[in-house]
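> show me the folded form of this:
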Amino acid sequence: MLTLDGGRHHHDDSQGRTGLDRRSPGPAGSGPGAAGMRRVVWFGLGPPDAPSPYLDALRGELRELGWSEGRNLTIGRYGSTRAPDDFEVLAREIVAAKPEVVVTQEFTVYAMHRIQTTLPIVFGFSGDPVDGKLVQSYGRPGTN
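A predicted model of the protein is given here:
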């Protein structure tokens, strides 16, 4: 499902393949979520339906760990082509959707950090996350 709202985008992508944790992918129908599906959100720059080598890489690694979209995993995709102010609006929508983990990249991580959610956040960031004030230290991030 893809919804567009003045440059803000959400795409619920249940097609394709991916995964989560080698320890316990579990059979379809086990674990949290509808019918045992684990719920992950991808929050990136640009339209969520645009090709992303980073999302493709995540899907490939997760697939190696036994997680597959449509079988035991869903990935909701969020992104924006508007100003960074819009990222915080999307971050709040993501929190309201209650995924189990949020995977974000670059500037979108700041929006997730500002709303101070307790959701686990995994991020890719080309700078130093300590200097960027996203974490307190590498050994003890101090936040999600």
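> quick one: low-confidence parts of the protein?
Applying pLDDT under 70 to the chain flags the ranges 1-35, 143-144.
> now the strands for the protein?
Ranges of strands within the chain are 2-5, 8-13, 38-45, 73-80, 101-105, 121-124, based on DSSP state E.
> what ranges do the helices span in the protein?
53-64, 85-97, 108-114 (DSSP state H).
> what's the shortest one packed up against?
Read it as helix 108-114. Using 3 or more Cβ pairs under 8 Å, 6 or more residues apart in numbering; DSSP states H and E, the elements in contact with helix 108-114 are strand 38-45, helix 85-97, strand 121-124. Yep, even glycine has a C-beta here, placed from its N, CA and C like the rest.
> packing partners for the first one?
Translated: strand 38-45. Using 3+ Cβ pairs under 8 Å, 6+ apart: strand 38-45 touches helix 53-64, strand 73-80, helix 85-97, strand 101-105, helix 108-114.
> and the last one, by the same measure?
Under the contact definition 3+ Cβ pairs under 8 Å, 6+ apart, strand 121-124 sits against strand 101-105, helix 108-114.
> ok, now with 6 Å
Contacts defined by 3 or more Cβ pairs under 6 Å, 6 or more residues apart in numbering; DSSP states H and E place strand 121-124 against strand 101-105.
> burial count for residue 140?
Residues within reach of residue 140, counting by other Cβ atoms under 10 Å, total 8.
> before we move on, what about residue 51?
Close neighbours of residue 51, defined as other Cβ under 10 Å, add up to 8.
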